[in-house]
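In: Requesting a structural model of the entry that follows:
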Amino acid sequence: MIASVHAFDTGRLSTYLEQHIDGFKPLQKVTKFAGGQSNPTFLLEAHSAKYVLRRKPPGALLKSAHAVDREYRVQKALMHSDVPVAKTYHLCQDDSIIGSWFYIMEYKQGRIFWDAALPELSAKERGQFYDEMNRVLSLIHKVDIETSGLSDYGKPGNYFERQIGRWIKQYRASEIGQIHAMETLITWLPEHVPPDDGVVSLIHGDYRLDNLMFDTDRPEIIAVFDWELSTLGHPIADLAYQCMQWRIGQDWSIKGLAGLDLNQTGIPSETAYVQAYCSRMGLSDIGDWPFYMAFSFFRLAAICQGVAKRAALGNASNAEADKIGAMTAPLAKLGIDAIG
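Out: Numbering: from 1, shown residues only. Predicted structure coming up:
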């Protein structure tokens, strides 16, 4: 069942895909995936195979948001790299087909986890899965951006200065009421940006557990999804973003690890996870960690505020949008806590 706000003419879509994807046979069924807060995602069941469609949401959108063309480009560029991604088939930039841009990629069968504590697994398995997340994150940051054709995938200059400016604008554009902690971060962050060390890599921008698909039997990531926020930037931004889960509680909409006895779970501590990443990347340590964590909480809070705004406008991708939007203030508070 597809809510009316996301509905489209499946017959028209089927005819279009038969003309643009080799071997595509008529559509039989279209189902919207329940997860995801940004770009609505659908399972297409055709006579030829199963496919996945990612589209921009309908209605008024924030400038530069929901860039499915960037998602398509980066996944296509990574298809022959060490980074596991789903194969892409076609990008449509004709709004007349389903009402907005979309792209088609292969359907992957595997496991996606939504709780950072991984209650489905044993303590030994949890450690293996976290090590695999760490390994794949390092692979993303080791991608040769020149040979992969991504040298123009981001803007020059200090990544954090650009990102702070961008997310302040995005936050202001979706602001519903004033949040004191966000105002504090908006003032503090620009004044504490670390000196630019010149390090630039491909970054995912939303690297977290539920954007990763694991093999059905092994602790192996078979696909990294949701590349909408990917760009060229500083790799520590990705690492800090993922490390937020160690400071978010189990009672949040996004289930984190705060308050758990990690020694009992088999999950590494935040410090141990960072050290493992540094070892893989040849780093001795990471300075300015409080800034990176505060920035990550601010950025995610701004993203959640965008979800709240879309919910208010009636074009949110997920029925849980109100709960996600309500995380804006608590996330900003964690950003303040990270500063110390």
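In: Return the distance of the closest residue to R208 other than its chain neighbours relative to G157.
Out: Leaving aside its chain neighbours, R208 sits nearest to Q242 (5.9 Å; criterion: Cβ to Cβ, 6 or more residues apart in numbering). Using the backbone N, CA and C atoms, a C-beta is placed for each residue, glycine as well. Here the distance between Q242 and G157 works out to 24 Å (Cβ to Cβ, to the nearest Å).
In: The two: who's more crowded?
Out: Q242 (23 against 9; other Cβ atoms under 10 Å).
In: tell me what whichever strand or helix holds the more buried one is packed against?
Out: In the assignment (DSSP states H and E), Q242 maps to helix 235-243. Secondary-structure packing of helix 235-243 (3 or more Cβ pairs under 8 Å, 6 or more residues apart in numbering; DSSP states H and E): helix 123-141, helix 159-174, strand 201-203, helix 270-281, helix 289-313.
In: mean confidence score for that helix?
Out: For helix 235-243, mean pLDDT rounds to 98.
In: tell me the angle of it relative to helix 159-174?
Out: Helix 235-243 and helix 159-174 meet at an angle of 50 degrees, taking axes from the mean of the first three to the mean of the last three Cα atoms, to 10 degrees as the criterion.
In: picking that back up, what residues are up against the residue nearest to R208?
Out: With contact taken as Cβ atoms under 8 Å, 6 or more residues apart in numbering, Q242 is in contact with M133, L137, Y207, R208.
In: Compile those residues into JSON lines and extend it with columns for distance to D69.
Out: JSON lines is the format used below for the contacts of Q242 (distance: Cβ to Cβ, whole Å):
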{"residue": "M133", "distance to D69": "27"}
{"residue": "L137", "distance to D69": "24"}
{"residue": "Y207", "distance to D69": "20"}
{"residue": "R208", "distance to D69": "23"}
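In: which one of those sits closest to E106?
Out: Set against E106, the nearest of the contacts of Q242 by Cβ to Cβ is Y207 (20.8 Å).
In: Let me see the contact set for the closest one.
Out: L137, I140, V224, D238, Y241, Q242.
In: Quick one: the strands in the stretch 1-150 of the chain, in order.
Out: Ranges of strands in the stretch 1-150 of the chain, per DSSP state E, counting those that start in this stretch, are 27-32, 41-46, 50-55, 88-92, 102-106.
In: The first one: which residues count as buried?
Out: The one in question is strand 27-32. Residues of strand 27-32 classed as buried: L27, V30, K32 (neighbour count, 16 or more other Cβ atoms under 10 Å).
In: Check the second one too.
Out: Residues T41, F42, L44, A46 are the ones in strand 41-46 that count as buried (16+ other Cβ under 10 Å).
In: which residues are in contact with it?
Out: 2, 14, 17, 24-33, 35, 50-55, 104, 107, 317.
In: Try it again at 7 Å.
Out: For strand 41-46, contacts defined as Cβ atoms under 7 Å, 6 or more residues apart in numbering pick out 24-33, 50-54, 107.
In: again with the fourth one
Out: Counting by Cβ under 7 Å, 6+ apart, strand 88-92 makes contact with H20, I21, D69, Y72, Q75, K76, W101, F102, Y103, I104, M105, all of which sit outside it.
In: 10 Å instead, please
Out: Identification of contacts with strand 88-92 by Cβ atoms under 10 Å, 6 or more residues apart in numbering yields 13, 16-17, 19-24, 51-55, 68-69, 71-79, 98, 100-106.
In: Distance from the chain centre to it, please.
Out: 20 Å (Cα atoms, centre = their mean, to the nearest Å).
In: That strand vs strand 102-106, what angle?
Out: Angle of strand 88-92 versus strand 102-106, following the same axes, to 10 degrees, is 170 degrees.
In: and strand 88-92, what's its mean pLDDT?
Out: For strand 88-92, mean pLDDT is 97.
In: Mind listing what's buried along the least confident helix or strand in the chain by mean pLDDT?
Out: Every helix and strand in the chain was compared by mean pLDDT, DSSP states H and E; the lowest is helix 321-325, with a mean of 78. Within helix 321-325, the residues that qualify as buried are A321, K323, I324, G325, counting by 16+ other Cβ under 10 Å.
In: Between the two ends of stretch 274-292, how far is it?
Out: 12 Å (Cα to Cα, to the nearest Å).
In: of the contacts of Y207, closest to W188?
Out: Y241 (18.2 Å).
In: how's this protein carved up into domains?
Out: Domain ranges of the chain: 4-106, 123-339, per automatic domain parsing.
In: Nearest to I112 among those would be which one?
Out: Evaluated with Cβ to Cβ, the domains of the chain place domain 123-339 nearest to I112, the distance being 5.5 Å.
In: How far does that closest one sit from its chain's centre?
Out: Worked out by Cα atoms, centre = their mean, domain 123-339 lies 8 Å from the chain centre.
In: OK, contacts around the residue nearest in space to the middle of the chain?
Out: For the chain, the residue nearest the mean C-alpha position is D206 (2.7 Å; Cα atoms, centre = their mean). By Cβ under 10 Å, 6+ apart, D206 lies in contact with 38, 224-230, 238, 241-242, 299-300, 303.
In: Right, I'll call it a day here.
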